[in-house]
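1. Give me coordinates for this.
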Amino acid sequence: MNRWIERGVFLLAAAAMVIAAAAVPTRRVQEDTQPEIYVYRGYAAATDAPWSEKSLDFAAKRLGHLLETYFTGEGYRRYLAVVPDKAQFTEPPEGYTPAGARETADYLAQRLPVEEIGIAPLLSLEDYYRTDPHWRQERLHPVAQALADAMGVSLPDTAEESLHTLAGEFCGSYWGKTAEPLAADVLSYITSPLLDGCAVYDYETDSTGGVYDLTAAEKAPYDLFLSGSKALLRIENPAAGNDRTLIVFRDSFGSSLIPLLAQGYGTVYAVDIRYLATDALARVVTFPEEADVLLVYSATVLQNSVTLK
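-> Numbers count the residues shown, from 1 in each chain. Purely as a prediction, here's the structure:
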């Protein structure tokens with residue numbers, strides 16, 4: 001019965017989000033122009049993340065409200081990591097400068113009660129797909145380890161991990177949108193006995209699955225990771241060897257990163273406040289009084305932060 005009530009509350013909150021979203025104006029890209037998709041050394045990138053103090057101030061306001069509402073207790077340790085826009089590793093078109101991840105993180109860290117974790121130096125252009133803005137999970141071990149080290153949690157050795165590849169080519173969201181042809185990607189993902197044992201509860205559908213959703217991947221390959229765009233998930237890891245909790249506020253880049261971090265925690269919450277408003281969270285979930293709280297967002301989302309609720 002409690003699960004049905006919980007799901008009903010979630011659906012009511014989601015409905016309110018749909019109504020509210022209708023009143024939100026579509027974001028403007030630099031000088032009201034559509035972003036350009038260009039190719040650099042075989043990698044497509046977009047001009048959709050210019051520096052915007054206005055957007056960062058709004059992001060600081062939304063994230064500050066989130067932290068103040070739910071995570072002021074002494075048991076919470078708060079962190080921020082900014083994922084670099086792929087364009088940061090390219091030579092962009094004349095007149096466009098992508099916002100730097102470090103500068104973005106520094107700006108927000110000065111305005112939020114968080115510890116900044118720098119991950120940009122650990123990444124390069126090759127850590128991203130050629131045809132899509134996202135990063136490749138199989139290249140994220142250094143990022144996951146840096147985050148785990150900063151948060152004081154141990155990740156398991158990679159000896160038991162296996163790398164699998166989805167059948168067929170992965171043609172991401174930039175595919176077919178460039179003047180210069182692109183080579184298709186392959187989408188790989190990491191499995192291990194520990195990851196296979198994780199259970200992911202979806203508050204929206206009141207269902208439990210795994211960290212990888214092969215059915216969702218048939219329609220949108222990147223949705224393999226945590227089933228794609230989901231407002232609220234809870235991952236239980238019975239083999240973690242501890243009862244620590246991680247609460248991640250994230251965008252789609254978090255989908256492929258969170259499974260790696262989940263290996264070090266007994267419970268992980270994955271929350272996307274683009275789809276579930278901050279003020280609605282209390283009606284849907286009660287967070288424990290002690291947890292690591294990680295804000296991990298791409299520079300692209302933070303520089304276009306009107307989507308944060």
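2. Can you tell me the closest non-neighbouring residue to Pro193?
-> Glu160 (5.9 Å; CB to CB, 6 or more residues apart in numbering). (C-beta placed from N, C-alpha, C; glycine too.)
3. In contact with the one you found, which residues?
-> Residues near Glu160 by CB atoms under 8 Å, 6 or more residues apart in numbering: 192-194.
4. Stretch 78-89 spans what distance, first to last residue?
-> End-to-end distance for stretch 78-89: 28 Å, by CA to CA, to the nearest Å.
5. ok so, going back, pLDDT at the residue nearest to Pro193, what is it?
-> Glu160 is assigned a predicted lDDT (pLDDT) of 91.
6. try the one 3 residues further on
-> Among the per-residue scores, Leu163 shows a pLDDT of 98.
7. For it, name its beta-bridge partners.
-> Using DSSP bridges, the bridge partners assigned to Leu163 are Ile190.
8. all strands for the stretch 1-150 of the chain, in order.
-> With strands called from DSSP state E, counting those that start in this stretch, the stretch 1-150 of the chain shows them at 37-40, 43-46, 76-83, 115-116.
9. Highest mean neighbour count out of the ones you listed?
-> strand 43-46 (a mean of 24; mean count of other CB atoms under 10 Å).
10. Neighbouring strands of that strand in the sheet, and parallel or not?
-> By DSSP bridges, strand 43-46 pairs with strand 37-40 (antiparallel).
11. Distance from the strand it pairs with to the middle of the chain?
-> Here strand 37-40 is found 23 Å from its chain centre; the criterion is CA atoms, centre = their mean, to the nearest Å.
12. hey, C-alpha coordinates of that strand in PDB?
-> What follows is strand 37-40 as a C-alpha-only set of coordinates in PDB (Å, rounded to 0.1, in the frame of the first residue of the first chain):
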ATOM      1  CA  ILE A  37      27.200  21.800 -34.900                       C
ATOM      2  CA  TYR A  38      30.700  21.500 -36.300                       C
ATOM      3  CA  VAL A  39      33.300  18.800 -36.700                       C
ATOM      4  CA  TYR A  40      36.800  18.900 -35.200                       C
END
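13. Name the surrounding residues that touch it.
-> Contacts for strand 37-40 (CB under 8 Å, 6+ apart): 44-47, 90-93, 125, 174, 177-180, 182.
14. How about Glu289, nearest residue that isn't a chain neighbour?
-> Glu289's closest residue in space is Gly75 (CB to CB, 6+ apart), at 4.9 Å.
15. still on that earlier bit, go ahead and build a ChimeraX selection from the buried members of the contacts of strand 37-40.
-> Buried subset of the contacts of strand 37-40, written as a ChimeraX selection, criterion 16 or more other CB atoms under 10 Å:
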select :44,45,46,47,90,92,125,174,182
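16. before we move on, the earlier item: quick one, which of the strands of the stretch 1-150 of the chain is nearest to Leu214?
-> Nearest of the strands of the stretch 1-150 of the chain to Leu214, taken as CB to CB: strand 76-83 at 25.0 Å.
17. Parallel or antiparallel, list what pairs with that closest one.
-> Here strand 76-83 has these sheet partners by DSSP bridges: strand 115-116 (parallel), strand 291-298 (parallel).
18. Need those in CSV (columns: distance to Pro35 and mean pLDDT).
-> Listed next are those as CSV, based on distance: least, CB to CB, whole Å; pLDDT from 0 to 100:
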stretch, distance to Pro35, mean pLDDT
strand 115-116, 27, 98
strand 291-298, 14, 99
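19. Let's have those strands in JSON lines, adding distance to Tyr38.
-> Shown next, in JSON lines, are the strands paired with strand 76-83 (distance: least, CB to CB, whole Å):
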{"stretch": "strand 115-116", "distance to Tyr38": "30"}
{"stretch": "strand 291-298", "distance to Tyr38": "18"}
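20. Please identify the most buried of the ones you listed.
-> strand 291-298 (a mean of 24).
21. CA atoms only: put it into CSV for me.
-> Provided in CSV are the C-alpha atoms of strand 291-298 (Å, rounded to 0.1, in the frame of the first residue of the first chain):
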residue,chain,number,x,y,z
ALA,A,291,24.8,11.2,3.2
ASP,A,292,27.3,12.4,0.6
VAL,A,293,25.5,14.9,-1.6
LEU,A,294,27.0,15.3,-5.1
LEU,A,295,25.9,17.9,-7.6
VAL,A,296,27.3,16.7,-11.0
TYR,A,297,26.2,18.7,-14.0
SER,A,298,27.5,19.4,-17.5
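22. Give me the contact list for it.
-> 49, 59, 63, 67, 71, 75-85, 112, 114, 133, 147, 151, 153, 244-254, 257, 261, 265.
23. quick one: which of the residues you listed sit in helices?
-> 59, 63, 67, 147, 151, 253-254, 257, 261 (DSSP state H).
24. closest to Glu204 among those residues?
-> Distance to Glu204 across those (CB to CB) is lowest for Gly254, with 16.8 Å.
25. Tell me, how many residues neighbour that closest one?
-> Residues near Gly254, counting by other CB atoms under 10 Å, number 24.
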